[in-house]
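S.K.: Provided below for reference: sequence and predicted model.
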Amino acid sequence: MKVEVPVGWELTTLGDVAGWGSGGTPSRRNPELFNGSIPWIKTGELGDKFIRGTEEHISEDAIKKSSAKIFAAGSVGIAMYGATIGKLSIFGIDASTNQACAVAKPLCDLLSNEFLYYYLLSERRALIDSGKGGAQPNISQGILKDWPLSLPPLNEQHRIVAKIETLFSELDKGIESLKTAREQLKVYRQTVLKHAFEGKLTAHWREQNKDKLETPQQLLARIQKERQSRYQRQLKNWQTTVKVWEENDKEGKKPAKPMTPSGIRYPAELELADLPGGWCWVEYAGLCERIRNGISAKPEGDSGTKIFRISAVRAMEFALDDVRYIQNIGGIYDQYLLAQGDLVFTRYNGSRNYVGVCAEYKGDGTHLYPDKLIQTRIGVPSLSSKFLEGAINCGDSRRFIESRIRTTAGQSGISGGDIKSIPIPVCGTEEQEQIALYLSEQTSEIDKMVEEVEAGVRRAETLRQSILKKAFSGQLVPQDANDEPASVLLARIQAENATHAVNSSKTTNKKTGKTSKQGS
């Protein structure tokens, strides 16, 4: 099929207008190879338009002892595979790369590297989709060299780049404003939550229902009584289950005895916000009948029992589809199945912001959880899991968790003991219901505003792609009849390539000083 190109443009390939290569990784067994001055780019460092510094540097010896090579500043690098596939940058420095990075050096000075960068950016999705390989796409150098390019005159290349950057700059300002609004909405949401669990949202309701409010002492006593009553029922059921187990010749594992309740305690030696009448602070352990880390065995395969990834749990958000699978032969892990209403905490994460956050599990009871998550089960019927989920993720409760986070080897974490000690603000059942109602109304409005912001960001990104599409189809800037046609430009590139190929095919005889073609 014939490809239509704008007047003055010429159809060619990326391999005709740029020299392509890739890098390599020196042996990690020799630390000295990574103790040099040559910047070494990993594909994870690509992404910004220009890359001007690297985390690691290799030595001259590393260049000699590996497939790593130095690419000149102005080259354009693109990640060929892995999680970073399609990320690209212009090298602002002479640098080497790892083997997952393909590098293009525009031939002669007849192709703008910025034009090439934006063209590759416009083709990124198509390149990834065309990638070959096993379990993951792979943009090979062969694909890149054969990729078609409609080449405009050099002057038009510069006009296209300038126009793209002007339009992108305006878009970036708009996106930045949208992102600022998004952050402000996050702060507003946290403020609403904080006010909810300090009793400020229900101040008017309490004024109208003074006769229904318990004193803090009455509230604590009732919570303690509920917890003990629930424990006694569980204990009785356990005794019945053990008796049946014994009558069946103790077949299988002995039923686990329910955990003896902790006392309902006020969080001692903590500076906590004052609470209104009918509220009190308690330690989380006293409210729970179970606090337990998950399974340490590694998930494997594409079938079995679902087990959550750590990333499934975020503050007040539980992604039920963020799972892997584990072999639960004979139900050996059934004791780690979550139940509706369980509050699940993150125990470890690379980001402190996600450590100790919790979310209510609302699944169907077929999910297990790993050891980097902590399951908690509420043992007080009058305390709503939804209420506690909100309380834990804001205010003094969240600040307490953040104060207990410890970081080692790049991972931040907390312990089950830290979870047990979280100070929790609690109130009566009716007020919990009022808080849930108010929060539902206000967070619904916040969610609508967030969605509008996200839609704006998506529209901006769609517009960005539209700009690129117009740029490389000759519709973004006008053509100029005075520009040197791309056919002439391409001929010059090919001529200079041919000259370069002839020169590089010659070697100098060290004894005579004469030159001769290789292989002659």
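M.R.: Arrived safely.
S.K.: and the closest residue in space to Q442 that isn't next to it in sequence, what is it in contact with?
M.R.: Leaving aside its chain neighbours, Q442 sits nearest to V192 (5.2 Å; criterion: Cβ to Cβ, 6 or more residues apart in numbering). Where C-beta positions appear, they are placed from N, C-alpha and C, glycine not excepted. Contacts for V192 (Cβ atoms under 8 Å, 6 or more residues apart in numbering) come out as L201, L439, Q442, T443, I446.
S.K.: pLDDT averaged over the helix or strand where the fourth one lies - what is it?
M.R.: Using DSSP states H and E, the element containing T443 is helix 429-471. In this model, helix 429-471 has a mean pLDDT of 93.
S.K.: hey, where'd the helices end up in the stretch 201-350 of the chain?
M.R.: 203-208, 216-247 (DSSP state H, counting those that start in this stretch).
S.K.: how about these in CSV, adding mean neighbour count?
M.R.: As requested, these are arranged in CSV below (neighbours: other Cβ atoms under 10 Å):
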stretch, mean neighbour count
helix 203-208, 12
helix 216-247, 14
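S.K.: what about these, which gets the closest to E269?
M.R.: helix 216-247 (18.3 Å; Cβ to Cβ).
S.K.: what stretches of the protein score poorly on pLDDT?
M.R.: By pLDDT under 70, the low-scoring segments of the chain are 1-3, 132-135, 500-520.
S.K.: Let's check: the centremost residue of it is which one?
M.R.: S311 (8.7 Å; Cα atoms, centre = their mean).
S.K.: so that one makes contact with A319?
M.R.: Yes - assessed by Cβ atoms under 8 Å, S311 is found in contact with A319 at 7.3 Å.
S.K.: quick revisit: is it correct that the residue nearest to Q442 falls within a helix?
M.R.: Yes - under DSSP: H, G, I helix; E, B strand; the rest coil, V192 falls within a helix.
S.K.: Going forward, count from 674.
M.R.: Got it, the first residue is 674 from now on, which makes the last one we talked about V865.
S.K.: how much space between it and I1119?
M.R.: 7 Å (Cβ to Cβ, to the nearest Å).
S.K.: can you check E838 too?
M.R.: Distance from E838 to I1119, by Cβ to Cβ: 35 Å.
S.K.: now swap in D922 and tell me
M.R.: According to Cβ to Cβ, D922 stands 59 Å off from I1119.
S.K.: picking up where we left off before, any chance of JSON lines for the contacts of V865, columns distance to E733 and neighbour count?
M.R.: Formatted as JSON lines, the contacts of V865 follow (distance: Cβ to Cβ, whole Å; neighbours: other Cβ atoms under 10 Å):
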{"residue": "L874", "distance to E733": "66", "neighbour count": "20"}
{"residue": "L1112", "distance to E733": "63", "neighbour count": "21"}
{"residue": "Q1115", "distance to E733": "63", "neighbour count": "17"}
{"residue": "T1116", "distance to E733": "59", "neighbour count": "17"}
{"residue": "I1119", "distance to E733": "57", "neighbour count": "15"}
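S.K.: Find the nearest non-adjacent residue to the residue nearest to the centre of the chain, please.
M.R.: Nearest residue to S984, sequence neighbours excluded (Cβ to Cβ, 6+ apart): D995, at 5.7 Å.
S.K.: so who does that neighbour touch?
M.R.: F981, R982, S984, A985.
S.K.: buried subset of those?
M.R.: In those, burial by neighbour count holds for F981, A985, counting by 16 or more other Cβ atoms under 10 Å.
S.K.: now the contacts of D995 in a markdown table, with distance to Q1107?
M.R.: A markdown table is the format used below for the contacts of D995 (distance: Cβ to Cβ, whole Å):
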| residue | distance to Q1107 |
| --- | --- |
| F981 | 32 |
| R982 | 36 |
| S984 | 33 |
| A985 | 30 |
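S.K.: Among the contacts of D995, which lie within strands?
M.R.: Cross-referencing those against strands under DSSP state E gives F981.
S.K.: Widest-spaced pair of the contacts of D995?
M.R.: Most distant of these, by Cβ to Cβ, are F981 and S984, 8.5 Å apart.
S.K.: My read is that S785 contacts I763, right?
M.R.: No - taking contacts as Cβ under 8 Å, S785 lies outside contact range of I763: 10.3 Å.
S.K.: Report the secondary structure element holding D1153.
M.R.: Going by DSSP H and E, D1153 is not part of any helix or strand.
S.K.: quick one: G1014 from C961, how far?
M.R.: 12 Å.
S.K.: Can you pull the residues that touch both of the two?
M.R.: Joint contacts of G1014 and C961 (Cβ under 8 Å, 6+ apart) are R1050, I1051.
S.K.: out of these two, which sits in the more crowded spot?
M.R.: Neighbours per residue, other Cβ atoms under 10 Å: of G1014 and C961, the larger number sits with C961, 24 against 15.
S.K.: Look up the residues forming beta bridges with that one.
M.R.: Counting by DSSP bridges, C961 is bridged to I1051.
S.K.: Could you pull up the residues touching it?
M.R.: C961 makes contact with S935, T1049, R1050, I1051, G1052, K1093, according to Cβ under 8 Å, 6+ apart.
S.K.: and the gap between the closest residue to the third one other than its chain neighbours and Y1021?
M.R.: The one in question is R1050. Of all residues not flanking R1050 in the chain, R963 sits nearest, at 4.0 Å (Cβ to Cβ, 6+ apart). According to Cβ to Cβ, R963 and Y1021 sit 20 Å apart.
S.K.: Looking only at neighbour counts, state which of these two leads.
M.R.: Neighbour count, other Cβ under 10 Å: between R963 and Y1021, Y1021 has more, with 19 against 13.
S.K.: separation between the spatially closest residue to the more buried one that is not a sequence neighbour and L960?
M.R.: Leaving aside its chain neighbours, Y1021 sits nearest to G1086 (4.1 Å; criterion: Cβ to Cβ, 6+ apart). From G1086 over to L960 the distance is 22 Å, taken as Cβ to Cβ.
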